[in-house]
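>>> Quick one: sequence and predicted model below, then my questions.
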Amino acid sequence: MLSDNVLMPIDKSTRDIALEIYNHIKDLPIVSPHGHTDPAWFDENKPFENPVELLIKPDHYIFRMFYSQGLRLEDFGISRKDGKEVETDPKKIWHKVAENWYIFRGTQVGLWFDAQLKNVFGYNKAFTPETADELYDHIDNCLKKKEFLPREICKRFNIEVIATTDNVGDTLEHHRNIANSDFKCKVVPTFRPDTVTNPELHPVHKHIKSLAKQLDTEINSYEKFLKVLKERREFFIANGATASDHGVTVPRTYDLEKSECKDLFKKVLTNTASSKEKRIFCGQMITEMAKMATDDGLVMQLHAGVFRNHNSRIQRKFGNDKGCDIPVKCDYVNGLHPLLDKVGNNRNFRIVLFTMDETTYTRELAPLAGHYPSVFLGPPWWFNDSAEGMKRFRHAVTETAGFYNCSGFIDDTRALLSIPVRHDIARRVDAAYLAEMVQIGRLSKADALEVAYDLTYTQSKKIFNL
């Protein structure tokens, strides 16, 4: 297993307190209220594929670094949109990864991967070209065992709740099957309407027509569009959803007159909207989703601050989500004012804010969460989801927002086997931070232990109604 001293304070007296806090929380059940695991895994409970399909090809955190070193994505088995040949031999890909793994020294990805090898697969050697074959065979053999089936992984690591992220038109069949099975882990869907509400990032005009066809209805007016979205939210809630999720480039919301919304929707539906009009429509839809949330109680998550697919050449060749997303500046105070002015004081509304712009932590996000009863801060996300990023977050927001205007840890991962690793690292960082507060007299040890328990377990269940 990963040594208990990893990420702990250097001086012994603080480290001893941190280890006491860590031991108090390290075995608590895992609550994962936002992620991107596939519900079919838990429904069908089939073995995972080979190590490359499981650990390398789905992980843009990994191959973005390879690309930064001038390596070809094709050599790592990343499929091209034009269908041209890429490497398919998993052993060859694995060796290519091993030859270049040194570039992850000192990175969060390197820490995650090392912890996975030790904590999940029980392998304690370094990943090098010399150990590549041995490690591949070790993982491949593990994946053939019953204890590495998806449901067994959840049981083994005491995963109590997993929320998936599901498209607006999803049938949620897998979720119904899981709910009617004897699987003890609670798997709930999350409503994600971006494909029909965010024309900046998606061909919304096509997706709205596809959704209408799927539902055997017509969506030819703004009123009908809102009605369909409301009905889809109700469908998700009936199948266990407690939250929605929305991704935007920057957090900009609007509260337009109804006539303006109708005109804007017509342009979006006919694909004649300008870039500015697309941004406005997206911002208006965020406000509309917030208004609906005051009625149906879905907790709203807003992920902002990312210039997606910054490298257009890679997007053209390989598609979206290939490690080309770069942080951008955000303005939450002005951008969210129309939304918060409309529903921010409604106690039936909750919004959890995530950002890639760390400069907003102290200046904007902590004061907003420290005032509005509806606003909570999600943990560090994406590039900020690192040991140092988590420390910076706590130092930046705690004095103004406190601990209880923050959600618990959220792993936001597509990889089931990384969930226990990521939660463990977050628990270590929080234990170290709280120990320092005890040492300087900001918290009693009793309070630190209680806060650690709440950040690890209670807060996520409370905020996300789990």
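Yes, it's here. Numbers count the residues shown, from 1 in each chain.
>>> Sticking with residue 301, tell me its helix or strand.
strand 299-304 (DSSP states H and E).
>>> Kindly spell out which helices and strands sit in contact with that strand.
In terms of contacts (3 or more CB pairs under 8 Å, 6 or more residues apart in numbering; DSSP states H and E), strand 299-304 is packed against strand 243-247, helix 275-296, strand 351-355. Any C-beta I mention is one placed from the backbone N, CA and C, and that applies to glycine too.
>>> Any idea which of the ones you listed gets closest to residue 306?
Closest of the helices and strands packed on strand 299-304 to residue 306 is strand 243-247, at 7.7 Å (criterion: CB to CB).
>>> Would you mark the buried spots in the helix or strand just after the closest one?
Moving toward the C-terminus from strand 243-247, the next helix or strand (DSSP H and E) is helix 258-269. For helix 258-269, burial by neighbour count (16 or more other CB atoms under 10 Å) applies to 261, 264-265, 267-269.
>>> same check, this time on stretch 78-87
For stretch 78-87, burial by neighbour count (16+ other CB under 10 Å) applies to 78, 86-87.
>>> Kindly indicate which of the residues you listed lies nearest residue 394.
residue 78 (35.5 Å).
>>> circling back to that earlier point, and which of the buried residues of helix 258-269 is nearest to residue 307?
Of all these, residue 307 sits closest to residue 268, with 21.5 Å by CB to CB.
>>> tell me the SS of the most centrally placed residue in the chain?
Nearest to the mean C-alpha position of the chain, counting by CA atoms, centre = their mean, stands residue 412 at 2.2 Å. Secondary structure assignment for residue 412 (DSSP: H, G, I helix; E, B strand; the rest coil): coil.
>>> dump the residue contacts of it.
34-36, 381-382, 385 (CB atoms under 8 Å, 6 or more residues apart in numbering).
>>> picking up where we left off before, and which of the buried residues of stretch 78-87 is nearest residue 284?
Closest to residue 284, out of all of the buried residues of stretch 78-87 and judged by CB to CB, is residue 78, at 36.1 Å.
>>> Could I get the phi/psi values of the closest residue to residue 406 other than its chain neighbours?
Excluding the flanking residues, the one nearest residue 406 by CB to CB, 6 or more residues apart in numbering is residue 377, at 4.7 Å. Here is the backbone geometry of residue 377 (degrees, to the nearest 10): phi -100, psi 120.
>>> looking at it, residue 377 is touching residue 352, isn't it?
Yes: applying CB atoms under 8 Å, one finds residue 377 in contact with residue 352, separated by 7.3 Å.
>>> Quick check: neighbours shared by those two?
Shared contacts of residue 377 and residue 352, defined by CB under 8 Å, 6+ apart, comprise residue 407.
>>> who has more neighbours, these two?
Between residue 377 and residue 352, residue 352 has the larger neighbour count (other CB atoms under 10 Å), namely 25 against 21.
>>> Identify the bridge partners of the more buried one.
Applying DSSP bridges to residue 352 yields these beta-bridge partners: residue 301, residue 376.
>>> Relative to residue 226, how far out is it?
Going from residue 352 to residue 226 by CB to CB, to the nearest Å gives 23 Å.
>>> Check residue 215 too.
14 Å.
>>> Same drill for these two, tell me which one is more crowded.
Applying other CB under 10 Å to residue 215 and residue 226 shows that residue 226 carries more neighbours, namely 18 against 14.
>>> Next up, the contacts around the more buried one.
Residue 226 touches residue 288, counting by CB under 8 Å, 6+ apart.
>>> let's go with 10 Å and repeat that
Residue 226 is in contact with 219, 261, 265, 285, 288-289, 291-292, counting by CB atoms under 10 Å, 6 or more residues apart in numbering.
>>> will you turn those into JSON lines that also has distance to residue 170 and pLDDT?
Output for the contacts of residue 226, formatted as JSON lines (distance: CB to CB, whole Å; pLDDT from 0 to 100):
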{"residue": "219", "distance to residue 170": "17", "pLDDT": "98"}
{"residue": "261", "distance to residue 170": "26", "pLDDT": "98"}
{"residue": "265", "distance to residue 170": "23", "pLDDT": "98"}
{"residue": "285", "distance to residue 170": "18", "pLDDT": "98"}
{"residue": "288", "distance to residue 170": "20", "pLDDT": "98"}
{"residue": "289", "distance to residue 170": "17", "pLDDT": "98"}
{"residue": "291", "distance to residue 170": "23", "pLDDT": "98"}
{"residue": "292", "distance to residue 170": "18", "pLDDT": "98"}
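>>> tell me which element residue 225 falls in.
Short version: residue 225 belongs to helix 222-238, going by DSSP H and E.
>>> centre of the chain versus that helix, how much separation?
24 Å (CA atoms, centre = their mean, to the nearest Å).
>>> got the angle for that helix vs strand 243-247?
Helix 222-238 and strand 243-247 are oriented at 130 degrees to each other (axes from the mean of the first three to the mean of the last three CA atoms, to 10 degrees).
>>> Quick check: mean pLDDT of helix 222-238?
In this model, helix 222-238 carries a mean pLDDT of 98.
>>> now stretch 98-112
Averaged across stretch 98-112, the pLDDT comes to 96.
>>> May I have that stretch exported as PDB, CA atoms only?
Presented in PDB, the C-alpha positions along stretch 98-112 are these (Å, rounded to 0.1, in the frame of the first residue of the first chain):
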ATOM      1  CA  ALA A  98       6.800   2.600 -20.100                       C
ATOM      2  CA  GLU A  99       9.700   4.200 -22.100                       C
ATOM      3  CA  ASN A 100       8.200   7.600 -21.600                       C
ATOM      4  CA  TRP A 101       6.800   7.300 -18.100                       C
ATOM      5  CA  TYR A 102       9.600   9.300 -16.500                       C
ATOM      6  CA  ILE A 103       8.000  12.500 -17.700                       C
ATOM      7  CA  PHE A 104       5.400  12.100 -15.000                       C
ATOM      8  CA  ARG A 105       7.900  12.400 -12.200                       C
ATOM      9  CA  GLY A 106       6.600  14.800  -9.600                       C
ATOM     10  CA  THR A 107       3.200  15.200 -11.300                       C
ATOM     11  CA  GLN A 108      -0.300  14.400  -9.900                       C
ATOM     12  CA  VAL A 109      -0.800  11.800 -12.600                       C
ATOM     13  CA  GLY A 110       2.400  10.000 -11.500                       C
ATOM     14  CA  LEU A 111       1.100  10.000  -7.900                       C
ATOM     15  CA  TRP A 112      -2.300   8.700  -8.900                       C
END
